[in-house]
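A.B. asks: give me the fold of what follows.
(one chain, ligands or ions: 1)
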Amino acid sequence: MSELAERRCKPCEGGVPPLDLAAASKLKDQVNARWKWSRDGKAIEAAFEFDNYWQTTAFVNAVAWIAHTTDHHPDISFGYKTCTISYWTHAVGGLSENDFICAARIDALLD
Ligand SMILES: C[C@H](O)[C@H](O)[C@H]1CNC2=NC(N)=NC(=O)C2=N1
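C.D. replies: Below is the predicted model of the structure:
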């Protein structure tokens with residue numbers, strides 16, 4: 001597991017700015033290349049493919065567990081063999097370190 005994945009998410013509070021592009025890029029470099037910018041750089045998103053429905057839903061449940069234990073919640077959409085995860089921090093209207101910590105924890109499930 002990467003050092004980033006071992007960091008703890010901090011409670012999300014409004015009134016602080018989202019990460020700027022330089023800070024977000026530095027963190028993005030530490031997660032798998034599957035994570036792409038989305039929502040004009042205000043979110044990161046990754047697409048996953050599986051062999052069947054139970055593998056897909058097992059993954060979705062693992063991601064939900066990460067959300068539960070970090071208190072940081074992604075948008076998840078999934079179908080029979082595909083899943084898309086999007087992270088952004090609602091409280092700041094963009095990206096925070098929490099988004100990258102959770103992305104790194106998802107990477108640790110797979111890589
Ligand atoms: C109190 C609690 O930390 C906040 O409501 C959290 C919960 N999960 C969250 N998840 C995400 N993605 N963004 C948030 O701003 C957020 N806020």
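
A.B. asks: correct me if wrong: Tyr53 contacts Thr82.
C.D. replies: No: if you go by Cβ atoms under 8 Å, Tyr53 and Thr82 don't touch, sitting 10.5 Å apart. All C-beta spots, glycine's among them, are computed from the backbone N, C-alpha and C.

A.B. asks: pLDDT weak spots in this structure?
C.D. replies: Along the chain, no part satisfies pLDDT under 70.

A.B. asks: need the residues of it near the ligand, please.
C.D. replies: 11-12, 71-73, 89-91 (Cβ under 6 Å from any ligand atom).

A.B. asks: and the helices in this protein?
C.D. replies: 3-6, 21-28, 53-70, 97-110 (DSSP state H).

A.B. asks: and the angle for the longest one with helix 97-110?
C.D. replies: This points to helix 53-70. 140 degrees (axes from the mean of the first three to the mean of the last three Cα atoms, to 10 degrees).

A.B. asks: what residues sit buried inside helix 53-70?
C.D. replies: Buried residues in helix 53-70, counted by 16 or more other Cβ atoms under 10 Å: 56, 59-60, 63, 66-67.

A.B. asks: need the contact partners of that helix.
C.D. replies: Defining contact as Cβ atoms under 8 Å, 6 or more residues apart in numbering, one finds that helix 53-70 is touched by 8-9, 48, 50, 73-74, 76, 78-83, 85, 98, 101-102, 105-106, 109.
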